[in-house]
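Chemist: quick check, what structure comes out for this input:
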Amino acid sequence: MPVLRNADHPAASATDSVYARYLVAVLGAWAAEAATYPFDLTKTRLQIQSEVAAAKHGFKLENHGMIKTAVGIAKHEGVLKLWSGLMPMFQRHAIYSGSRLIIYEQFRGYCKDENGKVSLGAASVGGLAAGSLAQLIASPTDLVKIQMQAEGRRILQGKPPRFSNCRQVYVMLYAESGITGFWRGAIPNVQRAALVNMGDLAAYDLTKQFLIRECGMADTALVHSAAAFTAGFVAAVVGTPADVLKTRLMNQPVGPDGRGTLYRGMIDCLQQSVRNEGLLSLYKGFLPLWMRLGPWALINWIAFENIMLAIGGHTF
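Modeler: Residues are numbered from 1 along each chain as shown. Now for the predicted structure:
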């Protein structure tokens, strides 16, 4: 299959249905996830290190940078541990990535003016809505991923292992808190997804349309790459604080009542983090998050655009 075709010359004639676009969005996300996942795991470990609230409950304080953290994981836990939690992430994208794209495209279709343009405000609202709804449905898979990502650190700190695979994490979480417990940390998770998608979907869409309409560029890989780079940076800037809160809420231990033992909720987590560690604690893991979101957006969007062209569909 030829790669990186021009949007004006698709490779074949095929349906451009909602179902096809949903499936292609999932495939693009899986490709991007497999390639960039170690950055996500490193980002999670950075966000929970030096967590003062956790230290009060016997967890060891650490203060390592991105490279030292990643090397430490590979050295002490094994290289493959950099992909720990990848399976629930694949499960997440089977729900999240397809849903967010379809919701955004439907919203965009209603908001286009007579020239086919979408305003910054409309694109931002569309990204917020698409990210929120898709993540609300997929939040349990994120909880499982966070638990698996943090497990290696717990074991190195002398804690006994709690599970050995993805299925056992689902069983453990259900035993601890029931069905509703799967949505622990869902509020900052949804907020984070809303902000990230405002950056990713809206920034990608508006940057791509600007380059095509205002700069006269063709709908090719060069435009896709530039738009994806912009989308990744904007998504990291607006999404990191909510991502930190989400990670800490999802990673905290749970008491007999099924509630977290470190934080009473998102506001309490925010207050403790800022009070104990400073405002910049909300940007812990920003570099690996950006280094992940940038290549992730690049791979995801180029894969999506190219697969759609290969089957005769329309680009984003």
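
Chemist: and His260, backbone torsions?
Modeler: Slight slip there: residue 260 is Gly, not His. The phi/psi pair for Gly260 (degrees, to the nearest 10) reads phi -60, psi 150.

Chemist: which residues touch the residue nearest to Trp290 when sequence neighbours are not counted?
Modeler: Among residues not flanking Trp290 along the chain, Ala236 sits closest, at 3.9 Å (Cβ to Cβ, 6 or more residues apart in numbering). For every residue, glycine as well, the C-beta is placed using N, CA and C. Each residue near Ala236 by Cβ atoms under 8 Å, 6 or more residues apart in numbering is listed here: Gly199, Phe286, Leu289, Trp290, Leu293, Gly294.

Chemist: adding secondary structure, write those residues out as JSON lines.
Modeler: Conversion of the contacts of Ala236 to JSON lines gives the following (DSSP: H, G, I helix; E, B strand; the rest coil):
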{"residue": "Gly199", "secondary structure": "helix"}
{"residue": "Phe286", "secondary structure": "helix"}
{"residue": "Leu289", "secondary structure": "helix"}
{"residue": "Trp290", "secondary structure": "helix"}
{"residue": "Leu293", "secondary structure": "helix"}
{"residue": "Gly294", "secondary structure": "helix"}
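
Chemist: and of the residues you listed, the nearest to Arg153?
Modeler: For Arg153, the nearest member of the contacts of Ala236 is Leu289. The distance, counting by Cβ to Cβ, is 17.8 Å.

Chemist: count of neighbours near that closest one?
Modeler: A count of nearby residues for Leu289, using other Cβ atoms under 10 Å, gives 29.

Chemist: that one and Tyr104: what is the separation?
Modeler: Taking Cβ to Cβ, to the nearest Å as the measure, Leu289 falls 21 Å from Tyr104.

Chemist: my guess is Thr42 meets Pro288, correct?
Modeler: Yes: Thr42 is within contact range of Pro288, at 4.7 Å (criterion: Cβ atoms under 8 Å).

Chemist: now the common contact residues for the two.
Modeler: In contact with both Thr42 and Pro288: Met66, Ala70, using Cβ under 8 Å, 6+ apart.

Chemist: quick one: residues contacting the residue lying closest to Thr207 once chain neighbours are set aside.
Modeler: Nearest residue to Thr207, sequence neighbours excluded (Cβ to Cβ, 6+ apart): Ala227, at 4.0 Å. With contact taken as Cβ under 8 Å, 6+ apart, Ala227 is in contact with Ala203, Tyr204, Asp205, Thr207, Lys208, Leu211, Trp301.

Chemist: let's see 6 Å
Modeler: Listed by Cβ atoms under 6 Å, 6 or more residues apart in numbering, the contact partners of Ala227 are Tyr204, Thr207, Lys208.

Chemist: now Ser124
Modeler: Residues in contact with Ser124 (Cβ under 6 Å, 6+ apart) are Met198, Ala202.

Chemist: chain center to the helix or strand it falls within, what's the gap?
Modeler: Using DSSP states H and E, Ser124 sits in helix 120-156. Its chain's C-alpha centre and that of helix 120-156 lie 6 Å apart, by Cα atoms, centre = their mean, to the nearest Å.

Chemist: so Arg264, which of the three states?
Modeler: coil.

Chemist: which residue sits closest to Leu120, ignoring its sequence neighbours?
Modeler: Spatially, and ignoring its direct neighbours in sequence, Leu120 is nearest to Leu206 (6.4 Å; Cβ to Cβ, 6+ apart).

Chemist: ditto for Val144
Modeler: Excluding the flanking residues, the one nearest Val144 by Cβ to Cβ, 6+ apart is Pro88, at 4.1 Å.
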